[in-house]
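Asker: show me the folded form of this:
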Amino acid sequence: MKTKKNSKFTCTRQRRSAGLSLIEVLLSITIMALLLTATAVAFDAAFKSYKVNHDLATVSVSARNALYQMSATIRSAWNDPDVDTIDISSDGTECSLVDADGRAVIYRYVEADKQLKVNLDGSTDWFVLVDNVYPVTVGEQIFTATSEQGDILSGSVTGQKLSQVEMRFMVTQEGLSRTISAAAVPRNMIYQ
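Answerer: You can find the predicted model right below:
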């Protein structure tokens, strides 16, 4: 230890050992903890956002696929006013038709199961098109048909020339919902 003598004071200089003091270590740990916390919060928000977007995409894709299939079948359906080829149930939960291949196709909304189902050629098997289906508003019809005069039709449309068949419903999944609708015009119209 070196000592320097001054007239009044004696100074002693000590050499510091290499490294950080306890306060410096605690301060750096606190800063790192704050940075890691902010990063963890950002990652958590990103994962939650991804899940919400994934669920919305899943809901949209399944509903759009069902609408595409129903629209394509209705477009190719025979619409002969003299033959009962397109039928909408009076409560709007069922649409039955004869497609271009002559097959009987029935689309049905089953409220108890919250499912939209399809049946081909009167078989006993019902296939689920979409789960978690609801009417857009309580009591609203899923299927509606409009005549060329603009009248909303329900029940058998025998003797009526259809303008379009509309499908409208809401699909939900884990608190997220998507309202989907489409209208299809039967292309195989028979005019008299």
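Asker: can I get the CA coordinates of stretch 114-128 in CSV?
Answerer: These are the backbone C-alpha positions of stretch 114-128, laid out as CSV (Å, rounded to 0.1, in the frame of the first residue of the first chain):
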residue,chain,number,x,y,z
LYS,A,114,-76.1,-27.3,-34.0
GLN,A,115,-75.0,-28.9,-37.2
LEU,A,116,-75.7,-28.5,-40.9
LYS,A,117,-75.9,-31.9,-42.5
VAL,A,118,-76.3,-33.4,-46.0
ASN,A,119,-78.0,-36.6,-47.1
LEU,A,120,-77.6,-38.1,-50.6
ASP,A,121,-80.1,-40.3,-52.4
GLY,A,122,-82.2,-40.9,-49.3
SER,A,123,-79.6,-43.0,-47.6
THR,A,124,-79.7,-43.4,-43.8
ASP,A,125,-76.3,-41.7,-43.5
TRP,A,126,-76.2,-38.0,-42.7
PHE,A,127,-72.9,-36.2,-43.2
VAL,A,128,-71.9,-33.2,-41.2
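Asker: what sits against the nearest residue to A72 once chain neighbours are set aside?
Answerer: Closest residue to A72 apart from its sequence neighbours, by CB to CB, 6 or more residues apart in numbering: A184 at 7.8 Å. Yep, even glycine has a C-beta here, placed from its N, CA and C like the rest. The contact partners of A184, taken as CB atoms under 8 Å, 6 or more residues apart in numbering, are 70-72, 74-75, 164-167.
Asker: just the mean pLDDT for the one helix or strand A72 maps to, thanks.
Answerer: In this assignment (DSSP states H and E), A72 forms part of helix 22-75. For helix 22-75, the per-residue pLDDT values average out at 92.
Asker: same question, stretch 172-190
Answerer: 80.
Asker: how about that stretch: buried residues?
Answerer: With burial defined by 16 or more other CB atoms under 10 Å, the residues of stretch 172-190 counted as buried are 178, 180, 182, 184, 186.
Asker: any chance of JSON lines for these, columns secondary structure?
Answerer: As requested, the buried residues of stretch 172-190 are exported to JSON lines (DSSP: H, G, I helix; E, B strand; the rest coil):
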{"residue": "R178", "secondary structure": "strand"}
{"residue": "I180", "secondary structure": "strand"}
{"residue": "A182", "secondary structure": "strand"}
{"residue": "A184", "secondary structure": "strand"}
{"residue": "P186", "secondary structure": "coil"}
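Asker: show me which pair in the residues you listed is furthest apart.
Answerer: Within the buried residues of stretch 172-190, two members stand farthest from each other by CB to CB: R178 and P186, at 26.4 Å.
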